[in-house]
Structures are given as structure tokens and as C-alpha cells.
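In: Predicted model and sequence follow; I will ask about them next.
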Amino acid sequence: SQQGEEDPQALSIQEGENATMNCSYKTSINNLQWYRQNSGRGLVHLILIRSNEREKHSGRLRVTLDTSKKSSSLLITASRAADTASYFCATEAYMNSGYSTLTFGKGTMLLVSP
Amino acid sequence: EAQVTQNPRYLITVTGKKLTVTCSQNMNHEYMSWYRQDPGLGLRQIYYSMNVEVTDKGDVPEGYKVSRKEKRNFPLILESPSPNQTSLYFCASSLRVPGPEAFFGQGTRLTVV
């Protein structure tokens, strides 16, 4: 099934540094979304980028989308300890049924040390 | 407050004892879904519902049932739970699909012994 794959699986940085996570997927999509999950809690939506968009910003977040390479990246600038969490990309695409659904990758665990 | 509410948050049960995990949203969302999260496997979709009385299988539907009799509720039913269904379960809803963000419940940690 359609699935995003994040890279790296884990990332450890110091406060103030930038964190970059990548996501690759397999088939055409309607949009790609990034979510954050604090340990064991529900996921929280961060940002959505549509298939006809190439870049989007929200605060310290920057997302890029390259549909020709079927990949996306999430950049968190000037990271803080509070950014420590798992980050998931999710792709929304039409299924054979004609409905569309949201499929998640396995996530990147980000650790930001003070 | 806009939210997705799951109950219970934690559940320990025995193999074969039927259980239901409830999910309710107060945002009048059309689309609801269930995921399970396991270490190293990420989130995998179990079932989803496009609207009342419209449900379909996700990637891992075996051993689960759902119903969508009302727009706000989307219960997950395990008719005969087995230990391999021990997992962290999330319910999510969104206004429609395709479209905006999904809102997640806080999760239900299920242990089947």
C-alpha cells in the first residue's frame, strides 16, 4: 500500500541546530502532511503541502515537496528541547475504491539536547 | 473544545474476551479512521469511514470490526482478541478526505494476555 518512509529513523542534535527529516513515497498523492507525536500521545498535525505546491512555511517549520522524486523534507530551524518528539509524514492518495485515505510512515525520532 | 475522545485509555484483557474501544468526535467530521501503532512498524490503518454507514478496510483489518451508525461515533470492536492485537490504538477524524488535517485521539493502550 501507499506509504511514506522517513529518513533518518532517529536524529540527535543540540539546541539551536537545524533538524532535517526526509520522506519518500511510492505513488501519486493529493497532499503530504507532517505530524508530531510526543511519547505515547496522539499525533498532532503540523503542516500540509498540496501536490501542486513546492514549498511551505509555518513558523520554524519549512516543508518542501518534489513530486518528480516522490519525496518531501521537513526542516525545523533553531531547534529547542521541546521539539523532542517523533515526526511522521503522511500521504493522502486515492485508493482503487475511489476513496482517498491517509497513510503514515514509520517516523523519525528527534532528540534535541539542551 | 474540538476533540477526538477515545475510551478506555488503558485496557488489559484476556484472549477471546470481546471488547469495544469507543471513539467520538465533536467536530462534525465526515471521515474517521482507526490506526494501530507498533514499535518499528509506525501507524497502520485498520479501518476507515467516509461517512455514516460507509466503511472500508485499511491495511490491517483482520480481527477487527467497526461500525458508523452516527457521524460522531466510530467504535472499534475486537470480537475475539488475541495477544498479537496488543498495541497502541488511535482514532482520528478529519472534515473530509481529501483535504485538511486529521485530529487524533489520545490513544488506547491495549494488552491482551
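Out: Received it, and whenever you're ready, just let me know what you need. Numbers count the residues shown, from 1 in each chain, chains lettered A, B, ... in the order given.
In: pLDDT below threshold where in chain A?
Out: Within chain A, the set of residues satisfying pLDDT under 70 comprises A:1-3.
In: From the contact counts, what lies against the strand ranked longest in it?
Out: In chain A, ranked by residue count with DSSP state E as the criterion, the top strand is strand A:85-94. Judged by 3 or more C-beta pairs under 8 Å, 6 or more residues apart in numbering or on different chains; DSSP states H and E, the packing partners of strand A:85-94 are strand A:5-7, strand A:19-24, strand A:31-37, strand A:71-76, strand A:100-104, strand A:108-113. Placement of C-beta: from N, CA and C, glycine included.
In: buried ones in it?
Out: Residues A:Ala85, A:Ser86, A:Tyr87, A:Phe88, A:Cys89, A:Ala90, A:Thr91, A:Glu92, A:Ala93, A:Tyr94 are the ones in strand A:85-94 that count as buried (16 or more other C-beta atoms under 10 Å in any protein chain shown).
In: Now it - C-alpha only, CSV.
Out: Taking C-alpha atoms only, strand A:85-94 is exported to CSV below (Å, rounded to 0.1, in the frame of the first residue of the first chain):
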residue,chain,number,x,y,z
ALA,A,85,9.3,14.0,19.6
SER,A,86,8.6,11.6,16.8
TYR,A,87,7.8,13.1,13.4
PHE,A,88,5.7,11.3,10.8
CYS,A,89,4.9,12.1,7.2
ALA,A,90,1.5,11.0,5.9
THR,A,91,0.4,10.8,2.3
GLU,A,92,-3.1,11.3,1.1
ALA,A,93,-3.9,9.5,-2.1
TYR,A,94,-6.9,7.9,-3.9
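In: how far off strand A:100-104 does it point, in degrees?
Out: The directions of strand A:85-94 and strand A:100-104 differ by 150 degrees, with axes from the mean of the first three to the mean of the last three C-alpha atoms, to 10 degrees as the criterion.
In: From the rest of the structure, what touches strand A:85-94?
Out: With C-beta atoms under 8 Å, 6 or more residues apart in numbering or on different chains as the test, strand A:85-94 has contacts from A:2-4, A:6, A:21, A:23, A:25, A:27-39, A:43, A:46, A:72, A:74, A:100-110, B:42-43, B:97-98, B:102.
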